[in-house]
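1. Return a 3D structure for these sequence lines:
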Amino acid sequence: MSTVNIKIYKKLGYVDNLPKSEKVLLDLISNGMPLERLMQSSPTRNVKLINSLYNLEKRGIISLNIESSSPVLKKIYKALHSIDQSCIKEPGMNNIIGWEYEWSKYYNLFDILDPHSEQYYLKLLEKEIYMYYISPYLKKIKTNANILDVGGGVGRFAIELGRRGYKISLVDASETSLKVALKYFIKNKIKDFSLYLHDIDNIDDLFMNETFDAVFGIEAICYATNPEKVLRKLLKVTKKGGFLFLSVEGLYGSILSDPQIPIDKMHDILTTGILPIQKNVFTHYYTKDSFRKIVEKCGVKDSTIYGTHYVPEGPFNRLIDMEKLRLKSYRKYIIKLEKWFASTPAFNELARSWLGIIKK
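-> The predicted model follows:
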């Protein structure tokens, strides 16, 4: 029989929510009891033991490693286990693995700036909704100003900002996204831009304090390991008087509309506000009040939070006629509908996204 090694990670993110039997098992492993001794019981109990071990591994609390005598497999699994350990220490890294995997399967779908992409007009509408709220503030920022776009992907916002004459620094943790973004910067003849393959959690490694006149972080900090820590770092690199445009996933709007949220994760989301799926996604969800609290906790005194995306990819997405999204007049109508949902108390908390406009 091959040797099975059990490694325990120090960051036990969800130990408090473990069943009692799994907590007892974790204590035994922590005290050094080998798997061979744990399995000196009946076959039925051994099956339960193995299932408990799998559950602990799924939660990212332990790692089960089977030794191989093959040099090639040793190298491959050493790399894979290293990735696992990195994702345990920094759960936000799970998103990178998930995104790159999605790119490999659905490249044409994810290339949202390509008019032939199925998502082109949907993502165009979503950008227009954000810009509806952001544009009045952008008018206060001079042309040629330095703008940072973190988690900017293929350049959905960065390309438009570059066309408006701003100097763009686009940061993303997905190499594929940045390669695609480069294509669109060149296609749009934007010259004053820089691309950085970097994780948002360590953004202060790249830039000096007070470098940027504005920072975009649309649907970005909620995927970080520690959103509050990232927000503090983004504030540092923003000039005094500058703006931050940040959006996060809305708790109730996401639960009602995101088909990728597994039913067995609902309890985790509602109790912790976090969705953790190994090698796939790690997301923080917010109510309007909880988002405002982390903003204020970071010392921000001047901020406005808008509820957005009630319709596109939100709880009322069934109202959209995808064929009509090509029409600018139809997209304007959807934006008008968005404003109505946001201003109606019964629907306000159902935002799929919260947009925070922050002045430093």
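2. Give me the residue ranges of the chain where confidence is low.
-> With pLDDT under 70 as the threshold, the chain has low-confidence stretches at 1-17, 40-41, 59-60.
3. OK, contacts around Glu118?
-> Glu118 makes contact with 108-109 under the criterion CB atoms under 8 Å, 6 or more residues apart in numbering. All C-beta atoms are positioned from the backbone trio N, CA, C, and that covers glycine.
4. Next one: it from Met322, what distance?
-> Using CB to CB, to the nearest Å, one gets 9 Å for the distance from Glu118 to Met322.
5. How is this protein partitioned into domains?
-> The domain map for the chain lists 4-89, 105-359, with the assignment taken from automatic domain parsing.
6. quick one: which of those is nearest Asn95?
-> Set against Asn95 and scored by CB to CB, those come closest in domain 105-359, at 4.8 Å.
7. Just checking the distance from the closest one to the centre of its chain.
-> 10 Å (CA atoms, centre = their mean, to the nearest Å).
8. Any idea how far apart the tips of it sit?
-> Taking CA to CA, to the nearest Å, domain 105-359 runs 39 Å from one end to the other.
9. Now do stretch 303-317: distance from first to last residue.
-> Calculated as CA to CA, the first-to-last residue distance of stretch 303-317 is 28 Å.
10. How about stretch 243-257?
-> OK, stretch 243-257 end separation, CA to CA: 30 Å.
11. List of residues touching stretch 166-183?
-> The list of residues contacting stretch 166-183 from outside it, by CB under 8 Å, 6+ apart, reads 95-96, 99-100, 103, 107, 111, 113, 141, 143-155, 158-159, 161-162, 190, 192-200, 203, 206-207, 212.
12. what about the helices in the stretch 1-150 of the chain?
-> Under the criterion DSSP state H, counting those that start in this stretch, helices of the stretch 1-150 of the chain are mapped to 20-30, 35-38, 43-58, 71-89, 94-105, 107-110, 120-138.
13. what would those helices look like in TSV with distance to Lys179 and mean neighbour count?
-> Formatted as TSV, these follow (distance: least, CB to CB, whole Å; neighbours: other CB atoms under 10 Å):
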stretch	distance to Lys179	mean neighbour count
helix 20-30	42	14
helix 35-38	44	13
helix 43-58	32	14
helix 71-89	21	14
helix 94-105	10	17
helix 107-110	11	15
helix 120-138	18	18
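14. now those helices as TSV including distance to Leu235?
-> Formatted as TSV, the entries for the helices of the stretch 1-150 of the chain read as follows, by distance: least, CB to CB, whole Å:
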stretch	distance to Leu235
helix 20-30	38
helix 35-38	47
helix 43-58	35
helix 71-89	25
helix 94-105	22
helix 107-110	30
helix 120-138	16
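15. quick one: which of the ones you listed is nearest Pro227?
-> With CB to CB, the closest approach to Pro227 among the helices of the stretch 1-150 of the chain belongs to helix 94-105: 12.6 Å.
16. That closest one vs helix 71-89, what angle?
-> 130 degrees (axes from the mean of the first three to the mean of the last three CA atoms, to 10 degrees).
17. Helix 94-105 - contacts with which helices or strands?
-> Contacting helix 94-105 under the criterion 3 or more CB pairs under 8 Å, 6 or more residues apart in numbering; DSSP states H and E are the following elements: helix 71-89, helix 175-187, strand 274-277, strand 281-286.
18. sorry, back to before: could you look over the domains of the chain and pick the most buried one?
-> domain 105-359 (a mean of 18; mean count of other CB atoms under 10 Å).
19. In three-state terms, how would Phe243 be classified?
-> Using DSSP: H, G, I helix; E, B strand; the rest coil, the secondary structure recorded for Phe243 is strand.
20. Now do the contacts for it.
-> 137, 140-141, 213-215, 357-360.
21. Since that was my last question, I'll sign off now.
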